[in-house]
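Colleague: sharing a model prediction with you, sequence too.
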Amino acid sequence: VTPPLGSPPVRAAFRTVPRRRGAMTARAVVVAEAAADGRTVLPVLRSAPPLSLRQTGPGRVHLVSTAAGPLGGDRLRLDLHVRPGATLTVATVAGTLALPGDGESVMEVHATVAAGAALAFLPEPTVLAAGCRHRSAVRLSLAADAAVTWREEIVFGRYGEAPGRCRARFDATVDGRPLLRQELVVGDPDVAGPAVYGDARCVGSLLLAGAAARPAAPAIGEGRAVLPLAGPGTLIEALAPDVPTLRARLTPHATA
């Protein structure tokens, strides 16, 4: 159980602790809240290398990787708390390269978005280097009138190489009720091979949830699908031969 933000146990969790040679455990936190004049301020912006956070504008944060990886064995976590009426955008300055190492690497993102708040999570792609074993997990909780835009993109290896393995889990709830439960597997020939991805080199999704959701009918086009969810949300999923094409297919009004 995670203790309340600001308590001594949480402050101690920001230290980067080596688990064993070549592996790290790190946790970083962003808290966004609305000031009296309506601006979004960031009273908590705490980094834990290799997760280094930089405020790049009002209510805008970039994640800068200050070490290679994640490498096998690393366990990284990013917590995002968007309080009532605040607006937060989180991006990365570059793609993430998952590398092989001693065991499985793990990247978790836990996000809570309160009433009237908005979160846009728009990182650059994660590249699965050959031989890596990577797991990502997202836990998103939002109020019914909150707005969330969440993009994820995965590239199947560097140029000319086969991808490593990745298992990506996404769990989203609205006012405590399930909105999306999804798991994606890449690089495991027993689960996801050419019959699933064809000749695509990358896969991605865009979730528009809560107040950010737009009315949409189910649609399937070249390399993309638009899936209205049972709750307040729309999921766009796409496959593509390269990242620019993938990004274009993930835009809400794309036609191809």
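Modeller: Sure, I can see it. Here the structure is a predicted model, which is why all the values come from computation and not from measurement. Numbering: from 1, shown residues only.

Colleague: residue contacts, A91?
Modeller: By C-beta atoms under 8 Å, 6 or more residues apart in numbering, the residues touching A91 are R60, V61, H62, L63, L122, P123, E124. Heads up, the C-betas are built off the backbone N, CA and C, glycines and all.

Colleague: where does the third one land in three-state SS?
Modeller: The one in question is H62. At H62 the chain is in strand, as set by DSSP: H, G, I helix; E, B strand; the rest coil.

Colleague: per-residue pLDDT, it?
Modeller: H62 is assigned a pLDDT of 97 by the prediction.

Colleague: do the same with the last one
Modeller: According to the prediction, E124 has pLDDT 96.

Colleague: so it is in contact with V90, correct?
Modeller: No - assessed by C-beta atoms under 8 Å, E124 is found out of contact with V90, at 11.5 Å.

Colleague: and the contacts of A91, which is closest to L80?
Modeller: Closest approach to L80 among the contacts of A91 (C-beta to C-beta): V61, at 8.9 Å.

Colleague: okay if I get the contacts of A91 as CSV plus distance to H110 and neighbour count?
Modeller: Output for the contacts of A91, formatted as CSV (distance: C-beta to C-beta, whole Å; neighbours: other C-beta atoms under 10 Å):
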residue, distance to H110, neighbour count
R60, 20, 17
V61, 15, 21
H62, 19, 17
L63, 14, 21
L122, 17, 14
P123, 15, 20
E124, 20, 17
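
Colleague: ok, so of those, who is nearest V29?
Modeller: Closest approach between the contacts of A91 and V29, by C-beta to C-beta: V61, at 10.9 Å.

Colleague: so how far is R75 from the closest one?
Modeller: Distance, V61 to R75, by C-beta to C-beta, to the nearest Å: 21 Å.

Colleague: same check, this time on A111
Modeller: Separation of A111 from R75 (C-beta to C-beta): 18 Å.

Colleague: compare those two (neighbour count), which wins?
Modeller: The residue with more neighbours, out of A111 and R75, is A111; 22 against 19, by other C-beta atoms under 10 Å.

Colleague: I'd like the distance between that one and L51.
Modeller: From A111 across to L51, the span is 14 Å (C-beta to C-beta).

Colleague: and the helices in this protein, which stretches?
Modeller: 8-12, 194-197, 243-250 (DSSP state H).

Colleague: right, I'll call it a day here.
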